[in-house]
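Peer 1: Quick one, structure for this:
(chains A, B, C and D)
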There are 2 protein chains.
Amino acid sequence: MFRDLKTYITQKTNLQASDIDFICGHFTTQKTKRNQILINYYDICEDYYFINKGAIRLFTVNKEGLETSRYFAFENMFCTALPSFIDQQPALEYLQTIEASDLLIISRNDFYTLVNTYSEFDKIYREILELGFITAQKRIYGFQGFDALEKVQWLIQNQPNLLLRVSNKMAASYLGISPSTLSRVKKKL
Amino acid sequence: MFRDLKTYITQKTNLQASDIDFICGHFTTQKTKRNQILINYYDICEDYYFINKGAIRLFTVNKEGLETSRYFAFENMFCTALPSFIDQQPALEYLQTIEASDLLIISRNDFYTLVNTYSEFDKIYREILELGFITAQKRIYGFQGFDALEKVQWLIQNQPNLLLRVSNKMAASYLGISPSTLSRVKKKL
DNA sequence: AAAAAACGTTGACATAGAACAACATTCAAT
DNA sequence: ATTGAATGTTGTTCTATGTCAACGTTTTTT
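Peer 2: So this is what the prediction gives:
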């Protein structure tokens, strides 16, 4: 149950097995169906999720009812509506499993307690933030001035899983292009 | 000289004056002219900058020689080419003062030493990362599916300083629109 | 103060990609 | 296995915005 999380923590820290067990003890499990909503638009995010199996999408819906996908997370990744988790403001976005998934869940309180208790766990959080920051940066900069074809090529380079695991529609809304354009571009590759 | 930095740290931590003095002792000062390059494209970023006075732009130049602006920082903000600072890879971007500026500089080594020595300083770094992450997110999501007018309105809402402090050209390259379009859009506001 | 360079504005034109629609295909639930 | 719904594809049309160029204005340099 905690096998993958233990591996994850072991790889990233020097914590002892007993500490890792203690940390894992703060997580509960949840099995979800496909397309199950974990966080709603006006929810204040209270949990951090670790994906044992499955995939999570972060997306929002604009006033015209159009969905835009913000982020996708897969196995062995931590994922949540981080701005809301940090600031405790309404998420203004949805968190949704897009495949039947096995999740490990830790509450915000427990998470920050661990961060403040174990400097090694703090390092994990720091790494998540650093990585999240870099990923977000790359995405901004990768897309700046790119046309549709270049965006798709960038995606294949930088997140090759994504096009294989999610629908064209979702990928298109992640790239900020229309599904038709994505369809046309794919033929040119 | 360290007045603003001391205020900054005092506001964000519970550190004693003596600790704050010790921390400030790791910073050196630098006065720069307008348009002075702090970090070059292939540099590995070794320093963190705190802006006492002035403004810094993070930008890159694509293969066609076109500049795109990535980030602007002003007084009382920390700023660097963070991905390179974190990973010690070539920056692939430039850091440049866009006004005559007074900077405080701390080396990466000293910075991480402080982060690992003072849990309170670690919190500052964590806040920088959290804030950087949220800002980057907001920028991605704020721009997704926005037309030129909406982008400018977003900018006025979220970073009102920016349009006042930087040239149209730089603002346009930050928004991912052409200077002509920005000029036209501004008339409609 | 003069000259040069950079920047901002505006018009005319070109174009990538959105929108819409029709049809084909795949998926998912019973 | 069958059926209905969601997704993917492709053609046509339309629009926002880029590009280019000309001109005016501001800034920088000498």
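
Peer 1: can we go C-alpha only for contacts and neighbour counts from here?
Peer 2: Will do.

Peer 1: Leaving out sequence neighbours, find the closest residue to A:L15.
Peer 2: A:E120 (6.9 Å; C-alpha to C-alpha, 6 or more residues apart in numbering or on different chains).

Peer 1: Now do the contacts for that neighbour.
Peer 2: A:13-15 (C-alpha atoms under 8 Å, 6 or more residues apart in numbering or on different chains).

Peer 1: what does A:T60 give?
Peer 2: A:41, A:67-70, A:92-94.

Peer 1: before we move on, back to that, and the contacts of A:E120, which are buried?
Peer 2: A:L15 (16 or more other C-alpha atoms under 10 Å in any protein chain shown).

Peer 1: Helices - which of the contacts of A:E120 land there?
Peer 2: Per DSSP state H, helices hold no members of the contacts of A:E120.

Peer 1: ok so, going back, can you tell me the helix or strand for the residue nearest to A:L15?
Peer 2: Using DSSP states H and E, A:E120 sits within helix A:119-143.

Peer 1: hey, which helix or strand in chain A has the poorest pLDDT?
Peer 2: helix A:119-143 (a mean of 87; mean pLDDT, DSSP states H and E).

Peer 1: Are that helix and DNA strand C in contact anywhere?
Peer 2: No - Helix A:119-143 is not in contact with DNA strand C by C-alpha under 7 Å from any atom of the strand; minimum separation 10.5 Å.

Peer 1: does any bit of that helix sit next to DNA strand D?
Peer 2: No - on the criterion C-alpha under 7 Å from any atom of the strand, helix A:119-143 is out of touch with DNA strand D, staying 12.8 Å away.

Peer 1: Same question for that helix: list its buried residues.
Peer 2: A:120-122, A:124-126, A:128-137, A:139-143.

Peer 1: Next, count neighbours for the closest residue to A:Y125 other than its chain neighbours.
Peer 2: Leaving out its chain neighbours, the residue that sits closest to A:Y125 by C-alpha to C-alpha, 6+ apart is A:V115, at 7.1 Å. Residues lying near A:V115 (other C-alpha atoms under 10 Å in any protein chain shown) number 17.

Peer 1: Hmm, A:V115 is touching A:E127, no?
Peer 2: No - taking contacts as C-alpha atoms under 8 Å, A:V115 lies outside contact range of A:E127: 11.9 Å.
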